[in-house]
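Engineer: The following block contains a protein sequence and its predicted model.
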Amino acid sequence: MRVLVCVKRVPFTGGKMVLAADSMSLETKHLGFTISPHEECGVEEAVRLIEANGGESVVLTLGPPEAVEQLRDAMALGIDRAIHLQTEGAEWDPEATAAAIVDAIRADEAASGPFDLIFFGNESADSGGFQVGLRVAGALGRPAVTGLKGVRLDGASVRCEQEVDGGRDVYVLLMPAVLGVKEGLNLPRYPSVPGRMRAGRKPVAVSTPSRPAARLELVLLVVPPGQGRRAEVLGNGAAAAPAVVEMMRKIGVA
Amino acid sequence: MVLVLMDQSKASMETLTLARKFGRPQHSVRMDAIIPFAPDAVAAILALVADDLDASAIFAAGTERGNDVMARLAARTGQPFAANCVDAEPGSPVSVTRLRWGGSLLESALLHSPRPLITVAPNTLSVEAEPAPIEVDAKPFIAHLEETDLAVRVSDHVDTTGGGVSLAEAKVVVSGGRGVGSKEGFAIIEELAGLLGGAVGCSRVVTSAGWRPHSDQVGQTGTKIAPDLYIACGISGATQHMAGCKGAKRILAINADAEAPIMLNADYAVVGDLKEIVPAISAELRKSR
Ligand SMILES: Cc1cc2nc3c(=O)[nH]c(=O)nc-3n(C[C@H](O)[C@H](O)[C@H](O)COP(=O)(O)OP(=O)(O)OC[C@H]3O[C@@H](n4cnc5c(N)ncnc54)[C@H](O)[C@@H]3O)c2cc1C
């Protein structure tokens, strides 16, 4: 079988959000980068499916040249090869992102055959648009489900468990299908040293799609108010316990 | 005329409040217009109703289902879509303010669309009393659905509610982070949660290490909680963690580092080793019963 997983490079913001001077992006000079935990689970699932069933797994990202780091990370976990849709750094809106991914999928499928499954994170960690995967599915005319915490192959179908209040709703989709997954789907493995070394030698196909005008156009980022209050220190060490219990009484929880 | 996708949630009431800015009367389509749930079918019904009534904008709550159906609608009608907005001003283009990073950052954006598609982030607006929207009878539209609109449909349900207090609804949540140190270390967290009739939570470091199941994780990619008291033990207060607990009425941080970022987001703090402090609080609670 063939499986594709789509990921996005995002900064690993620490304890607070700091904006760049133009307020159009985060100040990332001192930050590391990662993909969303949702997408990490997509990568893990793709690797497991190919381990169990044979075939090929591919990782795709649309992002700046540096996003090759995230592609290598995915390949270190066992993904076979990568597709990098290189941008100049500025963010693409979800519609443009989806359109470029659709073109890339069509090209890859024309050369290598259809992907049985295409994984997306449920939403990107940074912009949280909640739509790229569903737009890709719509354009390709394939069934899609989001919010997945369980995925199991069953012949030509895939059984999907979607997290809802009080449990999980089950959908059975005929493949090829598109799946939006969430953290908790599985427990991703850590990369091994040989895995990292192999990743450096795996192929990355680079192309540079052109960016259309955004129809969801970013104007400005703002750090919401409310951060920056100072906690009232109830005490140090175990000796603070009576003050803590008194506070609990006062607010009515003890 | 504004069209709103409605379910029973409070988020739907918030949606009506924001949608009012875009005009009246409001018409509504029910999320359960088709049972069992079939998201493409609901999106198709919305598209048909919007054309029929010449809707100027379409709104839904920014719940998992609301965002999912609106994205499908956006895909099938080829329009942009702004998810999880906390404000919107009609115009051409429409200006919106929306959540990023699970609410840790706000974005102002312009939505260039003849028929804006907008979802409203839950728990961000105060609900104003609204006249109930005019509910559209979906039946005549269901007759126009294509077979492919029903290809994705709920076929079964698995109950996962175990015993115990649910994390999302608990009045008190006691959470442990990297500072707890091990799976076994959570015994003292469980003990305190038990004494307070609360639930146990944790940070992502803890779930990634396999100390607790992901269902215990609080945060942007975990559960969003709103207890009366959140007790964060050995948790540094990364923005992605705080995105899950900022709905808490009060936060108590127990941390060895008086300068940890969580100190700027907590109401109360105890500085020191959680392995001493947490059992001492439990003992104090027992003593006074
Ligand atoms: C896209 C994305 C999504 C994410 N989603 C989530 C999410 O949903 N939930 C989440 O939690 N994280 C999430 N994260 C990870 C997040 O950024 C942090 O890495 C994580 O929250 C840190 O966990 P921690 O506070 O337990 O560990 P650390 O940051 O390592 O903090 C440990 C703290 O424990 C204190 N400590 C150590 N020993 C003791 C002791 N004996 N007594 C008292 N205090 C002690 C230290 O002073 C420190 O403050 C996400 C990250 C990304 C990039």
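Structural biologist: Alright, I've got the coordinates.
Engineer: Who does the residue lying closest to B:Leu274 once chain neighbours are set aside form a beta bridge with?
Structural biologist: By the measure of Cβ to Cβ, 6 or more residues apart in numbering or on different chains, the closest residue to B:Leu274 outside its immediate chain neighbours is B:Cys233, 4.4 Å from it. To be clear about C-beta, it is placed using only N, CA and C from the backbone, and glycine gets the same treatment. Applying DSSP bridges to B:Cys233 yields these beta-bridge partners: B:Gly176, B:Ile254.
Engineer: Give me the neighbour count for residue 75.
Structural biologist: Picking chain A for this. By other Cβ atoms under 10 Å in any protein chain shown, 27 other residues sit near A:Met75.
Engineer: you looked at the wrong chain, it should be chain B
Structural biologist: B:Ala75 is flanked by 24 other residues according to other Cβ under 10 Å.
Engineer: Tell me who's in contact with it.
Structural biologist: Counting by Cβ atoms under 8 Å, 6 or more residues apart in numbering or on different chains, B:Ala75 touches A:Ala98, A:Gln131, A:Leu134, A:Arg135, A:Ala137, A:Gly138, A:Ala139.
Engineer: Just grab the bridge partners of residue 3 for me.
Structural biologist: I went with chain A, as the question did not name one. A:Ser57, A:Leu117.
Engineer: I was thinking of chain B, sorry if that wasn't clear
Structural biologist: Assessed by DSSP bridges, B:Leu3 has beta-bridge partners B:His27, B:Ile58.
Engineer: for chain B, which spans come out with low pLDDT?
Structural biologist: Applying pLDDT under 70 to chain B picks out residues B:163.
Engineer: again, 50 this time
Structural biologist: Scanning chain B for pLDDT under 50 picks out no residues.
Engineer: Once you drop chain neighbours, what's closest to B:Arg30?
Structural biologist: B:Met6 (5.8 Å).
Engineer: Between all of the contacts of B:Ala75, which two are separated the most?
Structural biologist: Of all pairs drawn from those, the widest gap by Cβ to Cβ lies between A:Gln131 and A:Ala139 and measures 11.9 Å.
Engineer: ok, now how distant is A:Cys6 from A:Ala46?
Structural biologist: 10 Å (Cβ to Cβ, to the nearest Å).
Engineer: Please verify my assumption that B:Glu64 contacts A:Asp165.
Structural biologist: No - B:Glu64 lies out of contact with A:Asp165 (Cβ atoms under 8 Å); the separation is 9.5 Å.
Engineer: Of these two, give the one with the bigger neighbour count.
Structural biologist: Between B:Glu64 and A:Asp165, counted using other Cβ under 10 Å, the more crowded position is B:Glu64 (19 against 10).
Engineer: Would you map the helices across the chain?
Structural biologist: You didn't pick a chain, so chain A it is. With helices called from DSSP state H, chain A shows them at A:37-53, A:68-76, A:94-112, A:132-140, A:193-201, A:241-250.
Engineer: You answered for a different chain; I wanted chain B.
Structural biologist: Remark: helices assigned in chain B by DSSP H are B:10-19, B:39-53, B:64-77, B:139-142, B:187-195, B:204-208, B:239-245, B:274-287.
Engineer: May I have the residues that are in contact with B:Leu285?
Structural biologist: A:Val245, A:Met248, A:Ala254, B:Leu192, B:Leu195, B:Leu196.
Engineer: In a markdown table, list those residues along with neighbour count and distance to B:Val172.
Structural biologist: A markdown table is the format used below for the contacts of B:Leu285 (neighbours: other Cβ atoms under 10 Å in any protein chain shown; distance: Cβ to Cβ, whole Å):
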| residue | neighbour count | distance to B:Val172 |
| --- | --- | --- |
| A:Val245 | 20 | 13 |
| A:Met248 | 22 | 8 |
| A:Ala254 | 20 | 9 |
| B:Leu192 | 21 | 9 |
| B:Leu195 | 18 | 10 |
| B:Leu196 | 23 | 4 |
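Engineer: can I get the residues you listed in JSON lines with distance to the ligand?
Structural biologist: Below are the contacts of B:Leu285 laid out as JSON lines (distance: Cβ to the nearest ligand atom, whole Å):
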{"residue": "A:Val245", "distance to the ligand": "19"}
{"residue": "A:Met248", "distance to the ligand": "19"}
{"residue": "A:Ala254", "distance to the ligand": "21"}
{"residue": "B:Leu192", "distance to the ligand": "14"}
{"residue": "B:Leu195", "distance to the ligand": "19"}
{"residue": "B:Leu196", "distance to the ligand": "19"}
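Engineer: What parts of the stretch 101-250 of chain A come near the ligand?
Structural biologist: Taking Cβ under 6 Å from any ligand atom as the contact definition, the stretch 101-250 of chain A meets the ligand at A:Ala125.
Engineer: can you tell me the residue of the stretch 101-250 of chain A closest to the ligand?
Structural biologist: At 3.3 Å from the ligand, A:Ala125 is the closest residue in the stretch 101-250 of chain A, using Cβ to the nearest ligand atom.
Engineer: so that residue makes contact with B:Arg204?
Structural biologist: No - counting by Cβ under 8 Å, A:Ala125 stays clear of B:Arg204, with 11.8 Å between them.
Engineer: what sits in contact with each of these two?
Structural biologist: Common neighbours of A:Ala125 and B:Arg204 (criterion: Cβ under 8 Å, 6+ apart): A:Pro37, B:Thr221, B:Gln240.
Engineer: Near the ligand, list only the ones from those.
Structural biologist: Okay, of the shared contacts of A:Ala125 and B:Arg204 touching the ligand (Cβ under 6 Å from any ligand atom), that's A:Pro37, B:Thr221, B:Gln240.
Engineer: hang on, the earlier thing: what's the closest of the contacts of B:Leu285 to B:Val42?
Structural biologist: Of all those, B:Val42 sits closest to B:Leu196, with 40.8 Å by Cβ to Cβ.
Engineer: circling back: distance of the residue nearest to B:Leu274 from B:Glu190?
Structural biologist: Computed as Cβ to Cβ, the B:Cys233 to B:Glu190 distance reads 12 Å.
Engineer: Looking at these two, which has the bigger crowd around it?
Structural biologist: Shown here are B:Cys233 and B:Glu190; by other Cβ under 10 Å, B:Cys233 has more neighbours (28 against 13).
Engineer: shouldn't the more buried one be in contact with B:Gly181?
Structural biologist: No - counting by Cβ under 8 Å, B:Cys233 does not reach B:Gly181; the two are 10.8 Å apart.
Engineer: For B:Lys10, the count of nearby residues, please.
Structural biologist: Residues within reach of B:Lys10, counting by other Cβ under 10 Å, total 11.
Engineer: Can you work out which residues contact both of A:Cys6 and A:Ala46?
Structural biologist: A:Val59, A:Phe119.
Engineer: nearest residue to A:Glu163 other than its sequence neighbours?
Structural biologist: Nearest residue to A:Glu163 in three dimensions, chain neighbours excluded: A:Lys149, at 4.8 Å (Cβ to Cβ, 6+ apart).
Engineer: Retrieve the pLDDT associated with the one you found.
Structural biologist: Each residue has a pLDDT score; the one for A:Lys149 is 97.
Engineer: how about it, what does it touch?
Structural biologist: Neighbouring residues of A:Lys149 by Cβ under 8 Å, 6+ apart: A:Glu161, A:Gln162, A:Glu163, A:Arg168, A:Val181, A:Lys182, A:Gly184, A:Leu185.
Engineer: Right, I'll call it a day here.
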